[in-house]
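1. Return atomic coordinates for the entry below.
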Amino acid sequence: RMGAACFVAVATEQATRLRRGGSADLARSGTKCACGARFARRRATVRMRETFAADPGALEKERGVSNVSFSESEAESLSELHFVRTFVGNAVLQREAVGADREESWVVTDYGSGQLLARAQIAPSAAPEHRDANIAAIGLELLERGRDQLSQIELATFIVLLAACCHALGYADLVAPFNTDTVLASLQPSKDAEDAPLEMSEVVADNGMPILALPREIVKENRVMQRCVAVLCVDRVSRKLVRVRRGLAAAASDSGRVSASGRWDLFVAGGVQSGEDDTLAALRELKEELGAEQVRIRKIERCVLRTAEVAAVVEVFLALSDFDRAAVDGNELTEIDLISRTELRAALDKDPDDFVREARLVWNRLARLEAEGVIRLDK
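-> Numbering: from 1, shown residues only. Okay, here's the model as predicted:
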């Protein structure tokens, strides 16, 4: 028996280590979950979100499976608020329909082909022994292609999501056809990281809404959609833009951008920690990467990025300071330079691959919005 809260929790270093094997192990044996305060005492980090509570007035609001995919040629706008979809690796986790009686249906599809891999239904349990007990029943169907394609992390995150939905819908308990011990074990950091402080990242839907929290290592290694900040730095006097060259340590940075090493970045960027305000995260990144503290900062845009290495809702800020005095640590950042807009356009035209891919995508979006009169990048 395992509390529903524990599905959205990550146990501490005493938790069971990752079980090896196929993803079908996660759905092998049924279990009943008893939610109780005793699980909070087990030092699990519980993060339940109300994101998925069904609108009482939304009767049978059908929502078909979307085959829309993000293009690496541009940064995308956020989805509509009522549209809930997130990404784990190559899997798309999406709410398909909302019913009137605390019912929801979810699907997992392949990002590239749009093929259905798994589906699930949440509804009040119809078992006689559960009458008037406020218990949810989760029906989970893992299709044959899903057994072949879904990793343990992808399937485990989907199960976590379903349990979070049950909590948000107001159920006190749930009955589900999956092995809770294996699910929890699949969401633990690696053995190498077990002695380090457990750092959590916020998993978000592509409408910007937070869903749950997972260990940062799991999020980075499995391309789980997270919330990030990207700060465009403008020198207060010259009004030139700041560009920084990423060092070898960039491969281990919050954003997980392995290909960023050795390339110019137009943003100070990083992941938002669980429970952290995005403005404070932006200020933290400025201090960590450039040593900048006396900064004027404002948010100018939000967008969605999904590339071969990154899946993120990006909170974009503009910072104004005396960046001509900024210094780099020579580790994550190896060089800093002030560049005019004209010089930047010439550099991007000459050798776009000398710039971090994600930085190019966000910059192109900002430049287009500025040309349309939506934002200003000079103050």
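2. So which bits of the host helix or strand of Leu280 are buried?
-> Element membership for Leu280 (DSSP states H and E) is helix 278-290. Neighbour counts over helix 278-290 (16 or more other Cβ atoms under 10 Å) mark Asp278, Ala281, Ala282, Leu283, Arg284, Glu285, Leu286, Glu289, Leu290 as buried. In this view, the C-beta of every residue, glycine as well, is placed from N, C-alpha and C.
3. Go through those residues and say which is closest to Met225.
-> Asp278 (15.1 Å; Cβ to Cβ).
4. Please name the residues that touch the closest residue to the closest one other than its chain neighbours.
-> Spatially, and ignoring its direct neighbours in sequence, Asp278 is nearest to Glu315 (4.4 Å; Cβ to Cβ, 6 or more residues apart in numbering). When contacts are counted by Cβ atoms under 8 Å, 6 or more residues apart in numbering, Glu315 is found next to Arg227, Cys228, Val229, Ala230, Val272, Asp278, Ala281, Ala282, Lys299, Arg302.
5. Report how many residues lie close to the fourth one.
-> Right, the one you point to is Ala230. 27 (other Cβ atoms under 10 Å).
6. Can you report how many residues neighbour the closest residue to it other than its chain neighbours?
-> The shortest distance from Ala230 to any residue other than its chain neighbours is 4.0 Å, reached at Phe267 (Cβ to Cβ, 6+ apart). As a burial measure, Phe267 scores 28 neighbours (other Cβ under 10 Å).
7. Does Phe267 touch Ala359 like I think?
-> Yes: when contacts are counted by Cβ atoms under 8 Å, Phe267 is listed as touching Ala359 (5.5 Å).
8. what is in contact with those two at once?
-> Ala230.
9. Contacts made by stretch 319-327 with the rest, please.
-> 231-238, 242, 268, 282, 286, 290-292, 294-297, 336, 338, 379.
10. what do you get if the cut-off is 10 Å, keeping everything else the same?
-> Stretch 319-327 is contacted from outside by 231-242, 244, 267-268, 282-283, 285-286, 289-298, 333, 336, 338, 378-379, using Cβ atoms under 10 Å, 6 or more residues apart in numbering.
11. Could I have the buried ones of those residues as PyMOL selection syntax?
-> The PyMOL selection below is limited to those of these classed as buried (16+ other Cβ under 10 Å):
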select buried, resi 231+232+233+234+235+240+241+242+244+267+268+282+283+285+286+289+290+292+295+297+333+336+338
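12. Just the ones in strands from the contacts of stretch 319-327, please.
-> Mapping the contacts of stretch 319-327 onto strands (DSSP state E) picks out 231-235, 241-242, 244, 268, 296-298, 333, 336, 338.
13. Can you tell me how far the nearest residue to Glu76 once chain neighbours are set aside is from Ala120?
-> Closest residue in space to Glu76, ignoring its immediate chain neighbours: Val304 at 4.4 Å, by Cβ to Cβ, 6+ apart. Val304 sits 24 Å away from Ala120, taking Cβ to Cβ, to the nearest Å as the criterion.
14. what residue of this protein is the furthest out?
-> Of all residues in the chain, Pro128 has its C-alpha farthest from the mean position, at 39.1 Å, by Cα atoms, centre = their mean.
15. returning to that earlier point: which residues are in contact with the residue nearest to Ala230?
-> The contact partners of Phe267, taken as Cβ under 10 Å, 6+ apart, are 228-233, 241-244, 255, 285, 289, 314, 316-317, 319, 356, 358-359, 362-363, 366.
16. Recalculate using a threshold of 8 Å.
-> Ala230, Val231, Leu232, Cys233, Val316, Ala359, Val362.
17. what sits against the first one?
-> What that stands for is Ala230. Taking Cβ under 8 Å, 6+ apart as the definition, contacts of Ala230 comprise Phe267, Val268, Ala269, Val314, Glu315, Val316, Phe317, Ala359, Val362.
18. Equivalent analysis for the last one, please.
-> Shown here is Val362, whose contacts under the criterion Cβ under 8 Å, 6+ apart are Ala75, Ala230, Leu266, Phe267, Cys303, Leu305, Val314, Val316.
19. Wait, a helix at it?
-> Yes: counting by DSSP: H, G, I helix; E, B strand; the rest coil, Val362 is found in a helix.
20. how close does it sit to Glu76?
-> On the measure of Cβ to Cβ, Val362 and Glu76 end up 11 Å apart.
21. got any residues that touch both of those two?
-> Cys303, Leu305.
22. pLDDT score assigned to the nearest residue to Thr334 once chain neighbours are set aside?
-> Nearest non-adjacent residue to Thr334, counting by Cβ to Cβ, 6+ apart: Gly247, 4.3 Å away. For Gly247, the pLDDT comes out at 81.
23. burial of Gly247, as a residue count?
-> So Gly247, with other Cβ under 10 Å, has 19 neighbours.
24. so it makes contact with Asp265?
-> No: using Cβ under 8 Å, Gly247 is not in contact with Asp265; the gap is 10.6 Å.
25. where are the low-confidence patches of the stretch 251-379 of the chain?
-> Along the stretch 251-379 of the chain, segments meeting pLDDT under 70 span 251-259, 329-331.
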